[in-house]
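**Student:** Return a 3D structure for these sequence lines:
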Amino acid sequence: MSIKPTSADDSPSNQTRRTFRTRARAVLLTAFSNPRFRSLLQLSLITILFSGSAMAQTEVGSVYCGTAVETAISVVFGALAALGLPAAMIFTGRSGLSYMRSTGNPNQQNEARRDLILSMTGLGIVFLAIMAPEIINKFGSEIGFSFSNCVSPF
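**Tutor:** I've put the predicted structure just below:
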């Protein structure tokens, strides 16, 4: 009769830990599969992330001065102005020409009209995206808050 040495993995305390770990993993997987739980977790993480820095600001956005966020804002708005405006104008012109050339064909007129409406909507969105920060800043200065100069896109 030989005596088998017991390994540390077969002890009752390690088996209990493994069982607990398995149950905890199953509960976490079930919780993460629930969309409501994920939304609440994301909201709480965003709140924790931004609430500390927002409380110490005198101007909205002053905490981002000299960081990558300031650079990202200028890059995004520069790309929007440099690429969005010409592209929207090109699509508007193209759909306008298509509408003018579709004389007598109702299917081509409807398609050109739809394209013209969509391209004008896109152009309006680009204009609004460029002008919105200035409008918000002017309105905010009237009611008592202001944006920092480093997060103003233009």
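**Student:** what residues does stretch 77-91 touch?
**Tutor:** The contact list for stretch 77-91 (CB atoms under 8 Å, 6 or more residues apart in numbering) reads 115, 119, 122-123, 126-127, 129-130, 133, 153-154. Backbone N, C-alpha and C define where each C-beta goes, glycine included.
**Student:** Inside helices: which ones of the residues you listed?
**Tutor:** 115, 119, 122-123, 126-127, 129-130, 133 (DSSP state H).
**Student:** and those, which are buried?
**Tutor:** Burial by neighbour count, 16 or more other CB atoms under 10 Å: within the ones in helices among the contacts of stretch 77-91 this picks out 115, 119, 122-123, 126, 130, 133.
**Student:** Now render the residues you listed as TSV, adding distance to Gly144 and pLDDT.
**Tutor:** Listed next are those as TSV, based on distance: CB to CB, whole Å; pLDDT from 0 to 100:
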residue	distance to Gly144	pLDDT
Asp115	44	91
Ser119	39	90
Gly122	35	88
Leu123	34	88
Val126	30	86
Ile130	25	82
Pro133	18	80
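**Student:** start to end distance for stretch 49-67?
**Tutor:** 16 Å (CA to CA, to the nearest Å).
**Student:** For the protein, which residues score under the pLDDT cut-off?
**Tutor:** 1-12, 50-61, 151, 153-154 (pLDDT under 70).
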